[in-house]
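# Here is my input, please return the structure:
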Amino acid sequence: MLENEFSMAIREVGEGMFLDLKGDLTKQAEEMLLQFRDWTEGLEPGKRYLILNFTNVAYINSYGIAILIRLVRIGAKGGFQTMAYGLNSHYKKLLRMVGLTEYMSIHNDETEILQQILA
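Take a look at the predicted model:
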């Protein structure tokens with residue numbers, strides 16, 4: 001299977017730091033996601049939410065799931081809440097099955113998250 005190169009863009013809205021993910025979430029994404037910053041130190045001052053936008057992620061393999069598990073567990077220890085949106089029904093179910101929803105809330109779209117973090 002030909003892999004779609006992983007990339008991400010960062011944007012900030014209110015108390016949220018958005019990571020707009022693109023491409024396949026596989027081993028290739030590990031360095032970019034986990035070494036982007038020292039997640040154990042929390043987010044930037046004034047930021048309480050890490051929001052993962054999966055709208056442009058078509059494929060997540062088991063290694064990608066492991067990366068997400070590490071990221072959200074570190075986030076819980078780092079004092080910020082992780083949220084996600086843009087997942088199809090298959091990946092929503094898979095993330096629930098592996099227990100990621102204990103650490104990360106899954107939402108339907110960005111509007112739903114913005115209503116929560118900007119309230």
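# quick one: low-confidence parts of this structure?
1-3 (pLDDT under 70).
# Next, give phi and psi for the residue most central in space within it.
Centroid check for the chain by Cα atoms, centre = their mean gives L52 as the closest residue, at 3.1 Å. In terms of degrees, to the nearest 10, the main-chain angles of L52 are phi -100, psi 120.
# Pull out the buried positions in stretch 47-64.
K47, Y49, L50, I51, L52, N53, F54, V57, I60, G64 (16 or more other Cβ atoms under 10 Å). C-beta here means a position set from N, CA and C on the backbone, and glycine is covered the same way.
# An error on my part: the question was meant for stretch 88-97.
Judged by neighbour count (16+ other Cβ under 10 Å), stretch 88-97 contains these buried residues: Y91, K92, L95.
# In the protein, what residue spans correspond to strands?
For the chain, strands defined by DSSP state E occupy the ranges 7-13, 16-22, 49-56, 81-85, 104-107.
# other SSEs contacting the second one?
In terms of contacts (3 or more Cβ pairs under 8 Å, 6 or more residues apart in numbering; DSSP states H and E), strand 16-22 is packed against strand 7-13, strand 49-56, helix 110-117.
# what comes into contact with the first one?
Among residues not part of strand 7-13, those counted as contacts by Cβ atoms under 8 Å, 6 or more residues apart in numbering are 17-23, 32-33, 36, 44, 47, 114, 117-118.
# now do 6 Å
With contact meaning Cβ atoms under 6 Å, 6 or more residues apart in numbering, strand 7-13 is reached by F18, L19, D20, L21, K22, G23.
# In this structure the residue nearest to the centre of the chain contacts F18, no?
No - at 8.1 Å, L52 and F18 do not qualify as touching, with contact defined as Cβ atoms under 6 Å.
# OK, contacts around the residue nearest to the residue nearest to the centre of the chain when sequence neighbours are not counted?
Of all residues not flanking L52 in the chain, A84 sits nearest, at 4.4 Å (Cβ to Cβ, 6 or more residues apart in numbering). Shown in contact with A84 (Cβ under 6 Å, 6+ apart): L52, M104, I106.
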